[in-house]
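Asks: Provided below for reference: sequence and predicted model.
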Amino acid sequence: MNIINSNLVFKKGLSNGNNPKMIILHHVDAENCSIEDIHAWHLARGWSGCGYHYFVRRDGSIYIGRDEGAIGAHCLDYNAISIGICAEGNFSIETMGEAQYSSLVDLIRSLCCKYGINKIYGHRELNPTDCPGNKYPLNRIKDAAGTLGKTSYPGYLLTMKPGVCDEYVRLVQEKLMEKGYNVGGCGADGYFGSGTLEAVKRFQRDCRLEVDGVVGVKSWGELMG
């Protein structure tokens with residue numbers, strides 16, 4: 001795996017202290033650009049510079065953005081506990097080639113091993129955004145990295161957020177359906193809507209848990225048990 005040092009010059013204010021516990025995946029939402037372009041765009045926003053830690057181009061080349069120890073600027077509320085990886089392209093309208101996919105998987109596996117990470121998210125799973133696009137091979141990457149389908153508690157409450165797709169919500173929906181609870185007409189789609197809310201409440205009531213429609217540690221444990 002060849003990682004290229006971009007030698008970007010950051011403005012003062014770049015903060016260290018990043019404690020990576022997850023990897024967050026993005027697309028640049030542009031069909032063609034360089035790490036230098038991203039750096040310039042983020043400087044123009046008043047940031048210290050490129051908000052991502054890595055940028056993977058279509059040809060599979062990997063470029064360093066921020067140092068891994070620097071707090072990122074790519075995902076609200078999670079910048080100080082994550083590595084942000086951006087892929088060149090707009091995966092709302094296009095699919096990813098194998099060279100780029102293979103480099104992403106190699107990089108993610110390396111980072112997971114280095115930091116003991118077992119959580120990989122698309123930006124849209126944590127913030128209200130379409131990033132990294134619905135054609136981005138998110139599940140395929142998670143599967144290749146060995147994180148898809150893990151049943152350990154995700155570390156945050158799963159609550160009703162109809163517009164946000166979350167793979168842990170999809171797992172909850174699948175488990176509810178396996179146990180005979182109807183989560184709504186869309187099935188296990190990863191979106192925590194009203195159907196999933198009512199299914200969670202019915203499950204909690206049957207298990208004599210607090211009936212709040214929120215999947216926390218206790219509800220998660222009962223579902224996965």
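Replies: That came in fine, so what should we check first? Keep in mind the model is a prediction, meaning the values are calculated, not measured.
Asks: Sheet-wise, list the partners of the worst-scoring helix or strand of the chain on mean pLDDT with their directions.
Replies: Among the secondary structure pieces of the chain, namely its helices and strands, strand 161-165 has the lowest mean (mean pLDDT, DSSP states H and E), a mean of 82. Strand pairing for strand 161-165, determined by DSSP bridges: strand 191-192 (antiparallel).
Asks: okay, and for the protein, where does confidence drop off?
Replies: Segments of the chain classed as low confidence (criterion: pLDDT under 70) are 146-152.
Asks: picking that back up, in the least confident helix or strand of the chain, what's buried?
Replies: Taking 16 or more other CB atoms under 10 Å as the neighbour-count basis, strand 161-165 is seen to contain the buried residues 164-165. Bear in mind the C-beta positions are built from the backbone N, C-alpha and C, glycine included.
Asks: okay, the angle between whatever helix or strand comes next after it and strand 161-165?
Replies: Downstream of strand 161-165, the next assigned helix or strand under DSSP states H and E is helix 167-178. What separates the directions of helix 167-178 and strand 161-165 is an angle of 110 degrees, with axes from the mean of the first three to the mean of the last three CA atoms, to 10 degrees.
Asks: Who are the packing partners of the longest helix seen in the chain?
Replies: With DSSP state H applied, the helix covering the greatest number of residues in the chain is identified as helix 98-115. Packed against helix 98-115, as judged by 3 or more CB pairs under 8 Å, 6 or more residues apart in numbering; DSSP states H and E, are the following elements: strand 22-27, strand 54-56, strand 82-87, helix 138-145.
Asks: Kindly reformat the ones you listed as CSV and extend each row with mean neighbour count.
Replies: Shown next, in CSV, are those (neighbours: other CB atoms under 10 Å):
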stretch, mean neighbour count
strand 22-27, 24
strand 54-56, 27
strand 82-87, 26
helix 138-145, 18
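Asks: and G72, helix, strand or coil?
Replies: State at G72, reduced to three classes by DSSP: H, G, I helix; E, B strand; the rest coil: coil.
Asks: Which residues are in contact with it?
Replies: The contact partners of G72, by CB atoms under 8 Å, 6 or more residues apart in numbering, come to 18, 51-53, 66, 79-80, 82-84.
Asks: if you set the cut-off to 10 Å instead, what comes out?
Replies: When contacts are counted by CB atoms under 10 Å, 6 or more residues apart in numbering, G72 touches 15, 18, 20, 24, 50-53, 65-66, 78-84.
Asks: Spatially, and excluding backbone neighbours, which residue is closest to E222.
Replies: Closest residue to E222 in three dimensions, ignoring its sequence neighbours and counting by CB to CB, 6 or more residues apart in numbering: C207, at 5.0 Å.
Asks: and that neighbour, how many residues sit next to it?
Replies: 15 (other CB atoms under 10 Å).
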